[in-house]
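S.K.: here is my input; please provide its structure:
(chains A and B)
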Amino acid sequence: AQKVTQAQTEISVVEKEDVTLDCVYETRDTTYYLFWYKQPPSGELVFLIRRNSFDEQNEISGRYSWNFQKSTSSFNFTITASQVVDSAVYFCALSEAGDYGGATNKLIFGTGTLLAVQP
Amino acid sequence: GAVVSQHPSWVICKSGTSVKIECRSLDFQATTMFWYRQFPKQSLMLMATSNEGSKATYEQGVEKDKFLINHASLTLSTLTVTSAHPEDSSFYICSARNLKASGRLGEQFFGPGTRLTVL
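M.R.: Modelled structure (predicted):
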């Protein structure tokens, strides 16, 4: 069965601090996709990144970086120099593979991590 | 590109009434649409997957007679909550994808969500 675990329920940091959000996944598939989404208070999900299981290269996008380690089944997300606007719930998600992301492309979401960045 | 809208953004109704929520892909054809439900401070749970022109596939535990899904065209899917009760109050989010597209267009794009409150 597929499962995504985000052990950190809530994290509070002060602006400009770095923060890492953890994500651990379980799947029997050899090909799969991992995602991170941001959900601000407005509720709308914002796509941040997609990574396939064959690409273990770490990625950096501005203040955001992701560390994918298949050996530990983890896909952690780091925000450098956090800002108040980063305050949101962050979800890690996993989808089965198949024809481009899966015949049904079901997304299995973790329980989310609420990040509060204090000024 | 790849914009998904939902209407209404919020709705309050009396117990026993039915509520229809629309999900539209504005600038692409959605061969598949997904409906998620999110209770306060919880994760997104997939309710059902619908493919254009065919019956929806419901996840275990979701009552198909209570949550009617119609995916009549490549740009519109509707979710009708029949005889709504207070326990149906939730945030309903749809997503859409085009199975025939490649690259990021083949991914799921999320709508802004509909907040349903049943009194």
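S.K.: what does chain B put close to chain A?
M.R.: Chain B has residues B:32, B:34, B:41-46, B:49, B:57, B:91, B:93, B:95, B:97, B:99, B:102, B:104, B:106-113, B:115 near chain A, with proximity defined as Cβ under 8 Å from any Cβ of the partner chain. C-beta coordinates here come from the backbone N, C-alpha and C atoms, glycine included.
S.K.: and the buried ones among those, selectable in PyMOL?
M.R.: Selection of buried members from these for PyMOL, criterion 16 or more other Cβ atoms under 10 Å in any protein chain shown:
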select buried, chain B and resi 32+34+43+44+45+46+49+91+93+95+97+99+106+107+108+109+110+111+112+113
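S.K.: what about the strands in the chain?
M.R.: Using chain A here. Using DSSP state E, the strands of chain A run over A:3-5, A:10-14, A:19-21, A:24-26, A:32-39, A:46-52, A:59-61, A:64-69, A:74-79, A:88-96, A:107-109, A:113-118.
S.K.: looking at chain B here, not the other one
M.R.: All strands of chain B, identified by DSSP E, fall at B:4-7, B:10-13, B:19-25, B:32-38, B:44-51, B:57-58, B:67-73, B:76-81, B:90-97, B:109-110, B:114-118.
S.K.: next, format those as JSON lines and append mean pLDDT and distance to residue A:73.
M.R.: JSON lines is the format used below for those (pLDDT from 0 to 100; distance: least, Cβ to Cβ, whole Å):
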{"stretch": "strand B:4-7", "mean pLDDT": "96", "distance to residue A:73": "30"}
{"stretch": "strand B:10-13", "mean pLDDT": "96", "distance to residue A:73": "38"}
{"stretch": "strand B:19-25", "mean pLDDT": "96", "distance to residue A:73": "33"}
{"stretch": "strand B:32-38", "mean pLDDT": "94", "distance to residue A:73": "24"}
{"stretch": "strand B:44-51", "mean pLDDT": "92", "distance to residue A:73": "21"}
{"stretch": "strand B:57-58", "mean pLDDT": "92", "distance to residue A:73": "28"}
{"stretch": "strand B:67-73", "mean pLDDT": "91", "distance to residue A:73": "33"}
{"stretch": "strand B:76-81", "mean pLDDT": "96", "distance to residue A:73": "33"}
{"stretch": "strand B:90-97", "mean pLDDT": "94", "distance to residue A:73": "25"}
{"stretch": "strand B:109-110", "mean pLDDT": "90", "distance to residue A:73": "25"}
{"stretch": "strand B:114-118", "mean pLDDT": "97", "distance to residue A:73": "34"}
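S.K.: what about those, which gets the closest to residue A:52?
M.R.: Among the strands of chain B, strand B:90-97 comes nearest to residue A:52, with 16.0 Å by Cβ to Cβ.
S.K.: tell me the angle that closest one makes with strand B:67-73.
M.R.: Orientation note: strand B:90-97 sits at an angle of 30 degrees relative to strand B:67-73 (axes from the mean of the first three to the mean of the last three Cα atoms, to 10 degrees).
S.K.: contacts only, for residue A:49.
M.R.: A:35, A:36, A:59, A:61, A:64, A:66, A:77 (Cβ atoms under 8 Å, 6 or more residues apart in numbering or on different chains).
S.K.: state the distance from residue A:65 to residue A:90.
M.R.: Per Cβ to Cβ, to the nearest Å, residue A:65 is found 14 Å from residue A:90.
S.K.: again with residue A:11
M.R.: According to Cβ to Cβ, residue A:11 stands 9 Å off from residue A:90.
S.K.: got any residues that touch both of the two?
M.R.: Residues touching both residue A:11 and residue A:90 (Cβ under 8 Å, 6+ apart): A:21, A:113, A:115.
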